[in-house]
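A.B. asks: got a predicted structure here, sequence first:
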Amino acid sequence: MIRRLIILLLIVGCVLSESKNTTITSRGNMIEYMFGSHKPPQSICLTKEKRKEIQYQLNENIIHLNLDQKLFRADNHVVFSWPLLLNDNSNDYGYHGVSGFVDNNLNYNDNLLDYNCGSRTYDTEDYNHQGTDYYLWPFEWNKVDDNAVSVIAVSSGIIIGKRDGNYDRNCGGWDTDYSTEWNAVYIQNDDGSISWYGHMKNGSLTNKSLGDTVNIGEYLGIVASSGISTGPHLHFETYKDNTYNQLIDPYYGECNNYNDDTWWIEQRPYYDSAINKIMTHSAPPEFYWDECAKLENINAENNFTPNNYIYFGAYYRDQLANQSSQWSLIDPAGNIYDEWEQTVQDFDHYSSSYWWYSYLLNNTVIKGEWTFQIIYNEKQYEHKFLICNNSSIPDNACDCDGNIEDECGVCGGDGIEEACECKNTSALNENGCCDDIEDLGCGCGENDFCLSINEALIPDTYVISSIYPNPFNPTTTISFSIPEFGLTTITLYDMAGRKLETLTNKVLSIGNYSINWNASSYPNGVYLVRMESGEFTQTQKMVLVK
Ligand SMILES: [Zn+2]
């Protein structure tokens, strides 16, 4: 076996390596594969002087706005929800990695200690990293262009500072001109603690002004690379109060020297091993880590004809030595066509790594929708792709006849039931149901729950009027109003934007409704409830604290 290891770039904390190899699968097809890993280089994020300047300015704002008077100081510190949210329609499994935790060792010059007694942090000759850096992965510059990842408030609080208007595609890190400013939002949380969110996209910051309140989970801006930065990431930093005497490391572990418990509602594992994205490509993905802010060439492709190479790609975060991944190709009949295994052996930990395997299918394979599947760290990841004889079907085709998904997500579907479920009201009877579907008193079709209807008031606007209690454990009641007859969907998402449950997807008449959600099978955390009816959509946050 020939193994090629090319270190293309080695700056402080930045490793990029690639190796190309071949593997023989159970089916005997020879596959070429490529492994690469990437960890964004680390940067100072803020100079000492700039940090002082910001602290001074924020305190001026606090005095000027008389914000201390508005503070509700609880006995306990607030708890944080996750600071990022995926906005795009990709349905990707993840989008980030951690490039640096808070440095809990106050000595400088490579005296590194993260909360877990490891060294996933950094310092300089006079600076310890004071925040946590979350970088985008994979295809970070495409994500910036697409406004794919939002920064959202980890706690409710008051905006005490905001800075926008600065260039957002910096890559220089340590070499950046130290006068370079970042785009940032500064929030005094409900308990008086102060959180800084930095490096955001130019012009993306919340419209809210100094002194305005923000809710937990509320949009603050888009992840980008303004200020002293090596690439798109969020720098998130918290202090106990506005004296700035006590830094908070929100992650709790044996070597956290700042505070004595976690500040997260749900603290993620130190090694948060997962696959962020699984996909098919027409050619290998191209990254340009040595060219500043150059858009990656993703070469995404879902439609293939036989006798052409398919590149199967997976983008991991926190991949560890000896973790194995089972890769399989499942044909349209649901049978495993081929499978192989992949592990990392020669390195302990990759913040981000990627693998692609090129594969050639012959003309005899079943045409139709195939599934590319990986089982990794006890979780199953899937991506669908097409193999057809016809190469001229549309990019978004969902079968080899060139059909595309209808509004219901059904491939080429246009049946009457689908029409009813999908906002086409022309096929509805006088009860607002499809002709062949009965109204069981709570809406059309089968009822595994019942909406309770409050008819005392005729609403004049669409709204999620309340979520009570919130925070909750483990059930809460979501109340909403529908001013116009129509299909109404109430869907629950986690903070990564992944759909968990659809609470209702029914045609409702005008009225006020409430519906219960029992979250006993879900972990602590912040959840989103999204209501869609007619042209209206609204999203609200709920906090589950068990
Ligand atoms: Zn940072």
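C.D. replies: All right, it came through fine.
A.B. asks: which bits of the stretch 151-300 of the chain sit near the ion?
C.D. replies: Counting by CB under 5 Å from the ion, the residues of the stretch 151-300 of the chain lying close to the ion are His235. (C-beta placed from N, C-alpha, C; glycine too.)
A.B. asks: can you classify the residue in the stretch 151-300 of the chain that the ion sits nearest to as helix, strand or coil?
C.D. replies: Nearest residue of the stretch 151-300 of the chain to the ion, counting by CB to the ion: His235, 3.4 Å away. Using DSSP: H, G, I helix; E, B strand; the rest coil, the structure places His235 in strand.
A.B. asks: show me what contacts Thr371?
C.D. replies: The contact partners of Thr371, taken as CB atoms under 8 Å, 6 or more residues apart in numbering, are Leu329, Ile330, Glu382, His383, Lys384.
A.B. asks: so which helix or strand takes in it?
C.D. replies: Using DSSP states H and E, Thr371 maps to strand 368-376.
A.B. asks: related to what we said a few turns ago, kindly write the ChimeraX command that selects the buried subset of the contacts of Thr371.
C.D. replies: Of the contacts of Thr371, the buried ones can be selected in ChimeraX as follows, counting by 16 or more other CB atoms under 10 Å:
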select :329,330,383
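A.B. asks: residues of the stretch 1-150 of the chain that sit close to the ion?
C.D. replies: So the stretch 1-150 of the chain meets the ion at Cys45, Gly131, Asp133 (CB under 5 Å from the ion).
A.B. asks: switch the cut-off to 6 Å
C.D. replies: Residues of the stretch 1-150 of the chain lying close to the ion (CB under 6 Å from the ion) are Cys45, Gly100, His129, Gly131, Asp133.
A.B. asks: isn't Thr206 right up against Asn215?
C.D. replies: No: between Thr206 and Asn215 there is no contact under CB atoms under 8 Å: 11.4 Å.
A.B. asks: between those two, which one's more packed in?
C.D. replies: More neighbours surround Thr206 than the other of Thr206 and Asn215, with 20 against 13 (other CB atoms under 10 Å).
A.B. asks: quick check: the gap between that one and Met531.
C.D. replies: Remark: distance between Thr206 and Met531 (CB to CB, to the nearest Å) = 22 Å.
A.B. asks: for Gly217, same thing?
C.D. replies: 15 Å.
A.B. asks: distance of the residue of the stretch 151-300 of the chain closest to the ion from Phe312?
C.D. replies: 34 Å.
A.B. asks: and what of Thr238?
C.D. replies: Using CB to CB, one obtains 40 Å as the distance from Thr238 to Phe312.
A.B. asks: same check on Asn470?
C.D. replies: Applying CB to CB, the value for Asn470 to Phe312 is 42 Å.
A.B. asks: rewinding a little: okay, His235 and Phe312: which has more neighbours?
C.D. replies: His235 (26 against 21).
A.B. asks: quick revisit: pLDDT on the strand holding Thr371, on average?
C.D. replies: Taken as a whole, strand 368-376 carries a mean pLDDT of 96.
A.B. asks: now stretch 284-303
C.D. replies: Stretch 284-303 comes out at a mean pLDDT of 94.
A.B. asks: same question, stretch 36-51
C.D. replies: Stretch 36-51 comes out at a mean pLDDT of 83.
A.B. asks: next, the buried residues of that stretch.
C.D. replies: Using 16+ other CB under 10 Å as the test for burial, stretch 36-51 gives 36-47, 50-51.
A.B. asks: now do the end-to-end distance for that stretch.
C.D. replies: End-to-end span of stretch 36-51 (CA to CA, to the nearest Å): 36 Å.
A.B. asks: check the offset of that stretch from the chain's centre.
C.D. replies: 21 Å (CA atoms, centre = their mean, to the nearest Å).
A.B. asks: what's across from Asp494 in the sheet?
C.D. replies: Tyr527 (DSSP bridges).
A.B. asks: whoops, Ile490 was the one
C.D. replies: Thr504, Met531.
A.B. asks: which residues touch the residue in the stretch 1-150 of the chain that the ion sits nearest to?
C.D. replies: In the stretch 1-150 of the chain, the residue that lies nearest the ion is Cys45 (3.4 Å; CB to the ion). Cys45 makes contacts with His129, Gln130, Gly131, Asp133, Trp182, Gly198, His199, Gly227, Ile228, Ser229, His235, as judged by CB under 8 Å, 6+ apart.
A.B. asks: now these as CSV including pLDDT?
C.D. replies: Output for the contacts of Cys45, formatted as CSV (pLDDT from 0 to 100):
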residue, pLDDT
His129, 94
Gln130, 95
Gly131, 96
Asp133, 96
Trp182, 96
Gly198, 97
His199, 97
Gly227, 94
Ile228, 92
Ser229, 92
His235, 97
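A.B. asks: among those residues, who's most crowded?
C.D. replies: His199 (32 neighbours).
A.B. asks: my read: that residue touches Thr180, true?
C.D. replies: No: between His199 and Thr180 there is no contact under CB under 8 Å: 10.9 Å.
A.B. asks: shared neighbours, those two?
C.D. replies: Common neighbours of His199 and Thr180 (CB under 8 Å, 6+ apart) are Ser226, Gly227.
A.B. asks: low-confidence regions, the stretch 351-500 of the chain specifically.
C.D. replies: 407-409, 413-458 (pLDDT under 70).
A.B. asks: redo that, cut-off 50
C.D. replies: Within the stretch 351-500 of the chain, the stretches with pLDDT under 50 are 415-419, 422-423, 441-442, 446-450, 455.
A.B. asks: and the residue of it closest to the ion?
C.D. replies: Ser351 (14.1 Å).
A.B. asks: in a strand, that residue, correct?
C.D. replies: Yes: looking at Ser351 with three-state DSSP, it is inside a strand.
A.B. asks: begin at 44, not 1, for the rest of this chat.
C.D. replies: I'll keep to 44 as the first residue from here, and by that count the last item is Ser394.
A.B. asks: name all residues that make contact with it.
C.D. replies: Counting by CB under 8 Å, 6+ apart, Ser394 has contacts Ser80, His81, Lys82, Gly140, Val141, Ser142, Trp180, Arg360, Asp361.
A.B. asks: okay, and the first one sits in which element?
C.D. replies: Taking DSSP H and E as the definition, one finds Ser80 inside strand 73-81.
A.B. asks: please apply the same query to the last one.
C.D. replies: Assigned by DSSP H and E, Asp361 falls within strand 352-363.
A.B. asks: pLDDT of that strand, averaged?
C.D. replies: On average, strand 352-363 scores 95.
A.B. asks: buried set for it?
C.D. replies: Neighbour counts over strand 352-363 (16+ other CB under 10 Å) mark Ile353, Tyr354, Phe355, Gly356, Ala357, Tyr358, Tyr359, Arg360, Asp361, Gln362 as buried.
A.B. asks: against Ser238, how distant is the third one?
C.D. replies: Relative to Ser238, Phe355 is positioned 40 Å away (criterion: CB to CB).
A.B. asks: also the fourth one?
C.D. replies: For Gly356, the distance to Ser238 equals 35 Å [CB to CB].
A.B. asks: those strands in the stretch 194-343 of the chain, which residues are they?
C.D. replies: For the stretch 194-343 of the chain, the strands defined by DSSP state E, counting those that start in this stretch occupy 200-206, 227-232, 237-241, 256-257, 262-265, 276-282, 290-291, 317-324.
A.B. asks: quick one: contacts for the residue nearest to Val257 when sequence neighbours are not counted?
C.D. replies: If the residues on either side of it in the chain are set aside, Val257 comes closest to Ala196, at 4.8 Å by CB to CB, 6 or more residues apart in numbering. Residues near Ala196 by CB under 8 Å, 6+ apart: Pro126, Ile230, Ser238, Val257, Asn258, Ile259, Gly260, Glu261, Leu263.
A.B. asks: what's the answer for Ser325, then?
C.D. replies: Asn342, Ala343, Glu344, Phe347, Tyr354.
A.B. asks: and if we set it to 7 Å?
C.D. replies: By CB atoms under 7 Å, 6 or more residues apart in numbering, the contact list for Ser325 reads Asn342, Glu344.
A.B. asks: follow-up on the earlier one: which two among the contacts of Ser394 are spaced furthest apart?
C.D. replies: Farthest-apart pair in the contacts of Ser394 is Ser80 and Val141; separation 14.6 Å (CB to CB).
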